[in-house]
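Student: The amino acid sequence is not available; the structure is as follows:
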Ligand SMILES: C[S@@+](CC[C@H](N)C(=O)[O-])C[C@H]1O[C@@H](n2cnc3c(N)ncnc32)[C@H](O)[C@@H]1O
């Protein structure tokens, strides 16, 4: 058997029965992902779904501190053996969705379980006060496209993008993983904006505004926001946005959403502001 096929077969046999355990087997790929992430010796880095440590070990060589989170006991055992001598690596045997995130600034470099991609991203970005600096995630390519689409009609993604830049990087074909997933994967970069588009304390109000406005994304902006802005305020807003009266709300850019939010704070009486149902 060809060496690579042998390795694939061995990994396949050793892998547990849980779906989503598609392990990176190329050291070169792991190394290049970590280089792309730009991790340095002062960084605290989370490896979410550490598996057998494909990313954890090279991360340990670069980062100041690594938290490797993995909920499969067999993989955790392997991680403990592999990372025994690295005292700045902590292995956390838990479901990532139950883990308390660090209170000080941290980065993430991870090839995550695809089935819980949105909950993981939510955990990292729903509360913009969470001190996430940046992340490089390997996720399903379709999901990476959805999170980075412009425009987006998803209020949750819109809110994330008030605080973070989301960019899609290189595509990774299934043969980069063992066992290979059925779909292409891609790198997703998340970087905290130097200056957020809206203040952190306004994030819940922004969510309410975006959910209210995007109930029917095909609606024109004036129609979709009628319950919040008065007719004269809408006319003023359309000028500020540089759009025609019948422009569909679902076509607005991230910047235009920030403009709507600021215009609401400045001109609309608080009793008219939308609240999250
Ligand atoms: C796509 S694999 C990646 C493994 C490793 N990072 C690699 O690249 O080789 C995802 C890993 O997440 C783990 N995992 C799945 N659900 C998890 C959860 N809720 N919390 C923590 N780890 C989880 C799986 O056991 C698996 O090891």
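Tutor: That came through, no problem. Note that this is a predicted model, so its numbers are computed, not measured.

Student: Would you check how far apart whichever residue of the stretch 151-277 of the chain sits closest to the ligand and residue 111 are?
Tutor: Relative to the ligand, the nearest point of the stretch 151-277 of the chain is residue 177 (7.2 Å; Cβ to the nearest ligand atom). Placement of C-beta: from N, CA and C, glycine included. Separation of residue 177 from residue 111 (Cβ to Cβ, to the nearest Å): 8 Å.

Student: Specify which residue of the two has the higher count of neighbours.
Tutor: residue 111 (27 against 22; other Cβ atoms under 10 Å).

Student: Pop out the phi and psi values for that one.
Tutor: Dihedral pair for residue 111: phi -110, psi 100, per degrees, to the nearest 10.

Student: Helix, strand, or coil at residue 189?
Tutor: With DSSP: H, G, I helix; E, B strand; the rest coil as the basis, residue 189 sits in strand.

Student: for the residue of the stretch 51-200 of the chain found nearest the ligand, what are its contacts?
Tutor: Proximity of the stretch 51-200 of the chain to the ligand (Cβ to the nearest ligand atom) peaks at residue 51, 2.6 Å away. Residues in contact with residue 51 (Cβ atoms under 8 Å, 6 or more residues apart in numbering) are 21, 23, 24, 70, 72, 75, 111.

Student: Need these in a markdown table (columns: pLDDT, secondary structure and distance to the ligand).
Tutor: Converted to a markdown table, the contacts of residue 51 look like this (pLDDT from 0 to 100; DSSP: H, G, I helix; E, B strand; the rest coil; distance: Cβ to the nearest ligand atom, whole Å):
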| residue | pLDDT | secondary structure | distance to the ligand |
| --- | --- | --- | --- |
| 21 | 90 | coil | 4 |
| 23 | 97 | strand | 4 |
| 24 | 97 | strand | 4 |
| 70 | 98 | strand | 5 |
| 72 | 97 | coil | 4 |
| 75 | 98 | helix | 5 |
| 111 | 98 | strand | 3 |
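
Student: who wins for neighbours among the residues you listed?
Tutor: Greatest neighbour count in the contacts of residue 51, by other Cβ under 10 Å, goes to residue 111: 27 neighbours.

Student: helices or strands up against the longest helix seen in the chain?
Tutor: Taking DSSP state H as the criterion, the chain has its longest helix at helix 254-267. The contact analysis (3 or more Cβ pairs under 8 Å, 6 or more residues apart in numbering; DSSP states H and E) places helix 254-267 against helix 155-163, helix 203-213, helix 231-241.

Student: what's the closest of those helices to residue 44?
Tutor: Of all those, it is helix 155-163 that lies closest to residue 44, at 19.4 Å by Cβ to Cβ.

Student: just checking, what packs against the helix or strand following that closest one?
Tutor: Following helix 155-163 in sequence order, the next helix or strand is strand 164-172 (DSSP states H and E). Judged by 3+ Cβ pairs under 8 Å, 6+ apart, the packing partners of strand 164-172 are strand 132-140, helix 141-148, strand 185-192.

Student: Name the stretch among these that sits most buried.
Tutor: Highest mean neighbour count of these: strand 132-140, a mean of 23 (counted as mean count of other Cβ atoms under 10 Å).

Student: Say whether the ligand is contacted by that strand.
Tutor: No: Strand 132-140 stays clear of the ligand (Cβ under 6 Å from any ligand atom), getting no nearer than 6.9 Å.

Student: and that strand, which strands flank it?
Tutor: For strand 132-140, sheet partners with direction are given as strand 106-111 (parallel), strand 185-192 (antiparallel), following DSSP bridges.

Student: Redo those as JSON lines? Include distance to residue 118.
Tutor: Listed next are the strands paired with strand 132-140 as JSON lines, based on distance: least, Cβ to Cβ, whole Å:
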{"stretch": "strand 106-111", "distance to residue 118": "15"}
{"stretch": "strand 185-192", "distance to residue 118": "12"}
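
Student: Among these, which comes closest to residue 152?
Tutor: strand 185-192 (14.1 Å).

Student: neighbours of the closest residue to residue 122 other than its chain neighbours, just the number please.
Tutor: Closest residue in space to residue 122, ignoring its immediate chain neighbours: residue 156 at 7.1 Å, by Cβ to Cβ, 6 or more residues apart in numbering. Counted with other Cβ under 10 Å, residues neighbouring residue 156 total 17.

Student: Next: residue 95.
Tutor: Residue 95, neighbours per other Cβ under 10 Å, totals 11.
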